[in-house]
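Q: give me coordinates for this.
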Amino acid sequence: MTDAPTSSTVAPGSAVRTNPIADGAAMRRTKGLSLRFKFLAFNLLIAFVPTIILFSAWEYASYNAALRELEEKLDEVLAIQSDILAAPLWNLEGDRMQLVLDAILKDSDFVMAAVSDHRGRLMAQSGVISPHHQGQVINSSHAIVSGSGDSTELLGELSLIATDTRISELVTKHLYLDVAIIALWLLASITAALVAFRRTIDTPLSRLLEAIHSTGQNLRRKRVNWSSEDEMGVVVRQFNKMQDRQEEYEDELQSAQANLERRVKERTVELVTARDEAHAASNAKSEFLAVMSHELRTPLNGVLGLTETLMDTTLSREQNNQLALIKESGWGLMSLLNDMLDLTKVETGSLKLEYLTFDLEHMVKRVTELWTGIIADKGLTFTLETPDELLPLIHSDPTRLRQVIQNLLSNAIKFTDAGEVSMTVTWSALAGNRARIAFQVRDTGPGIDSDVQSSIFDRFTQADTSITRRFGGSGLGLSICRELVALMDGTIGVSSEAGSGSAFWFTIECDIGEEADKVVLNNDQDTPDDDGTQSGLEDLQILVAEDNHVNRMVIKAILDSFGIKAAVVENGSLALEAVKAGGFDIVLMDVQMPVMDGITATAEIRALEGESASIPVIALTANAMHGDRERYLAQGFTEYVSKPIDARALHTALVRCSRAGIVDTEVPAQSLQA
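A: Numbers count the residues shown, from 1 in each chain. The predicted structure is shown next:
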């Protein structure tokens, strides 16, 4: 028992779902086949299918024609044999009828013959038809009569059965022949198609692919040698033209690239030359400023030092006023010189911070105390506001922070004729042990117009040109302040209205320091008493090495004010011999001297044997550029004091060198110029 066939119906208007994955896979497999295989399959298809259809139609027609011939033959045999069987049937001669039937069956087309009388009784039969016969069966009969014309009598009937066995065998033989013919035809067609494909498509296409492959490997562009007037010929010619154009483009590109590389090299050489010239100019500028700084500080040291000495003598009021003006002018020139040096550091990128841990609140108070006398002389009032909670120890550059505060205070006091100057300091904690410190200096001066506030921090800029005529100034202070504040991770600005005073503010960000790292700042050191004595210093034996007689007078006068008697030599060679002789506690060594300079003399001293090699040597120099202090300390000097020599700075250096435990502290030995 077989399963019943199943069927499915699709509702009208509904879409038949397909499998997109299977469709995509089949498409990818088809795309992966070679063009030759596709061409062969296509030619095989167009050659095989029509041939099969043609031969199938021919065989079908031949079979039908043979069947028709068999039917005609059957009718003819029935007619002839019916007449022959009339006499035996009339005489009831069964043997003769059997012989006739057997003779009929000798023809292989017939498988069974039978004679029956008019009553339908079987009189004779020859052959049988197999019930398993699969072919076509033709069954026909014909009446057996006697007489002729109108006087005929029905005697019986001749039945004859024919099959298509012979025809089928013949068709089968023809089919084998057809298959052989078709195979030969297909072989000939495929061979012809392959030859045609190779000559017209495969050869030029292979050459095209080879040319494309060589082009893809960055080889010289190859041309395809092929000449025909068909479509492949057009493609090849267009490809060769494209190669020509592409080669021209590549030649142009290589030429442009070579030209660009040449220009880049030339420009690089120009830039390197310009950079070297700029560096040389910057170095020359720095060297010039260093020389000028030294040359200006040396006479200024004499002017300011001798002025201080004269002011300590008995003078009239007018003489004291004149000396005060000289001192103020000298320090003004020194301030301008410092601003120019700072500006040079900003331009060359050499302005660096020196980080120390210090007491911020104490430093702010000491800075503001320096201005109390000037504020009182102008009849102004001053207030300092700090939070109730103690300001923290901070890790920053105290010298540069002091410089910014002093600049803002100086401007506020200078431009305020009446009223008040105030300073406010606040702080707030940040993440990661950091703090933000905010400073604000307010005054009741003339104020600043809003249209010039944006440029007030530019170099050589002042709010009003009349300010320069009235108050002086280079216009560098605020510009330098902006650079210093930026280095301390802060910002600076101003809030002001014309006629309503000004408020300059700035912020810095820094680490909160630890008590164990706290250092003592210069302006926190002990200073000489009014009588010029200091416990412990008056017993020191000081050797001074200085070639300039004015500077020798200044240094000697300052030491006299400390109660110290000093021996003086004029060059480093004499200083070295004096140290070898012994008897000195500290050496004050000028750096630039004839015969032997201070650096060489100090190196010679450090090379001595015994205690003389460790004698403290303080560098006295007009070189005050960035890095000078570190450079001198690295060359063996114990301390560093820049010129013009400030009494407090020199006193601090002497104290450090004379007291155990203070010599190696990280305190910057830069002079205070209030």
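Q: going by C-alpha atoms from here, please, whenever you check contacts or count neighbours.
A: Fine.
Q: ok now the longest helix anywhere in the chain, how far from the chain's centre?
A: For the chain, the helix reaching the highest residue count under DSSP state H is reported as helix 231-311. Remark: helix 231-311 is offset 24 Å from the chain centroid, using Cα atoms, centre = their mean, to the nearest Å.
Q: tell me what it is packed against?
A: helix 203-216, helix 317-348, helix 549-561 (3 or more Cα pairs under 8 Å, 6 or more residues apart in numbering; DSSP states H and E).
Q: go again with 6 Å.
A: helix 549-561 (3 or more Cα pairs under 6 Å, 6 or more residues apart in numbering; DSSP states H and E).
Q: so for the helix it packs on, mean pLDDT?
A: In this model, helix 549-561 has a mean pLDDT of 86.
Q: try stretch 79-98
A: For stretch 79-98, the per-residue pLDDT averages 88.
Q: what's the answer for stretch 434-451, then?
A: On average, stretch 434-451 scores 89.
Q: next: stretch 126-140.
A: 79.
Q: Asn240 and Leu205, how far apart?
A: Applying Cα to Cα, to the nearest Å, the value for Asn240 to Leu205 is 13 Å.
Q: test my guess that Phe358 contacts Lys518.
A: Yes. Assessed by Cα atoms under 6 Å, Phe358 is found in contact with Lys518 at 5.2 Å.
Q: what about the two, which has more around it?
A: Taking other Cα atoms under 10 Å, Phe358 and Lys518 do not tie; Phe358 has more neighbours (24 against 16).
Q: for the more buried one, grab phi and psi.
A: Dihedral angles of Phe358 (phi, psi; degrees, to the nearest 10) stand at phi -150, psi 170.
Q: over to Glu514?
A: phi -110, psi 150.
Q: looks to me like Gly156 is in a helix.
A: No. Gly156: not assigned to a helix; according to DSSP: H, G, I helix; E, B strand; the rest coil it is strand.
Q: for it, what are its contacts?
A: Ser116, Asp117, His118, Ala143, Ile144 (Cα atoms under 6 Å, 6 or more residues apart in numbering).
Q: relative to Arg275, how far out is it?
A: For Gly156 relative to Arg275 (Cα to Cα), the value is 136 Å.
Q: how about Phe382, what does it touch?
A: Phe382 neighbours (Cα under 6 Å, 6+ apart): Glu420, Val421, Ser422.
Q: 10 Å instead?
A: 368, 371-372, 375-376, 413, 419-423, 442-443 (Cα atoms under 10 Å, 6 or more residues apart in numbering).
Q: identify, from the residues you listed, the entry nearest to Phe504.
A: When those are ranked by distance to Phe504 (Cα to Cα), Arg442 comes first, at 6.5 Å.
Q: need the nearest residue in space to that closest one, chain neighbours excluded.
A: Ala503 (4.3 Å; Cα to Cα, 6 or more residues apart in numbering).
Q: element containing that neighbour?
A: strand 502-512 (DSSP states H and E).
Q: and that strand, how far out from the chain middle?
A: 35 Å.
Q: quick one: list the elements packing against it.
A: strand 356-359, strand 393-396, helix 398-415, strand 420-430, strand 434-443, helix 477-487, strand 492-496 (3 or more Cα pairs under 10 Å, 6 or more residues apart in numbering; DSSP states H and E).
Q: next structured bit after that strand?
A: Next along from strand 502-512, by DSSP H and E: strand 542-545.
Q: partner strands of that next one, parallel or antiparallel?
A: strand 566-569 (parallel), strand 586-590 (parallel) (DSSP bridges).
Q: which of those sits closest to Phe637?
A: strand 586-590 (8.9 Å).
Q: tabulate the CA atom coordinates of the closest one in PDB.
A: The C-alpha trace of strand 586-590 is given here as PDB (Å, rounded to 0.1, in the frame of the first residue of the first chain):
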ATOM      1  CA  ILE A 586      83.200  82.300  54.500                       C
ATOM      2  CA  VAL A 587      84.300  83.500  51.000                       C
ATOM      3  CA  LEU A 588      82.300  86.100  49.100                       C
ATOM      4  CA  MET A 589      83.400  85.400  45.500                       C
ATOM      5  CA  ASP A 590      82.600  87.600  42.500                       C
END
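Q: would you mind getting the angle between it and helix 549-561?
A: For strand 586-590 against helix 549-561, the angle by axes from the mean of the first three to the mean of the last three Cα atoms, to 10 degrees is 150 degrees.
Q: helix or strand right after strand 586-590?
A: helix 598-606.
Q: which SSE is immediately downstream of that next one?
A: Following helix 598-606 in sequence, per DSSP H and E, is strand 617-621.
Q: average pLDDT across stretch 265-274?
A: Stretch 265-274 comes out at a mean pLDDT of 91.
Q: give me the buried positions along it.
A: Residues of stretch 265-274 include none that count as buried (16 or more other Cα atoms under 10 Å).
Q: and the contacts of that stretch?
A: Outside stretch 265-274, the residues touching it (Cα under 10 Å, 6+ apart) are Asn259, Leu260, Glu261, Arg262, Arg263, Val264, Arg275, Asp276, Glu277, Ala278, His279, Ala280.
Q: now tabulate the residues you listed in JSON lines and tack on distance to Ser496.
A: Output for the contacts of stretch 265-274, formatted as JSON lines (distance: Cα to Cα, whole Å):
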{"residue": "Asn259", "distance to Ser496": "58"}
{"residue": "Leu260", "distance to Ser496": "54"}
{"residue": "Glu261", "distance to Ser496": "55"}
{"residue": "Arg262", "distance to Ser496": "56"}
{"residue": "Arg263", "distance to Ser496": "53"}
{"residue": "Val264", "distance to Ser496": "51"}
{"residue": "Arg275", "distance to Ser496": "42"}
{"residue": "Asp276", "distance to Ser496": "44"}
{"residue": "Glu277", "distance to Ser496": "43"}
{"residue": "Ala278", "distance to Ser496": "40"}
{"residue": "His279", "distance to Ser496": "41"}
{"residue": "Ala280", "distance to Ser496": "43"}
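Q: mind picking the two most distant members of the residues you listed?
A: Maximum distance among the contacts of stretch 265-274 (Cα to Cα): 30.7 Å, for Asn259 and Ala280.
Q: name the element Glu630 belongs to?
A: Glu630 belongs to helix 628-634 when assigned by DSSP H and E.
Q: Phe562 is in contact with Val655, correct?
A: No. Counting by Cα atoms under 10 Å, Val655 does not reach Phe562; the two are 11.3 Å apart.
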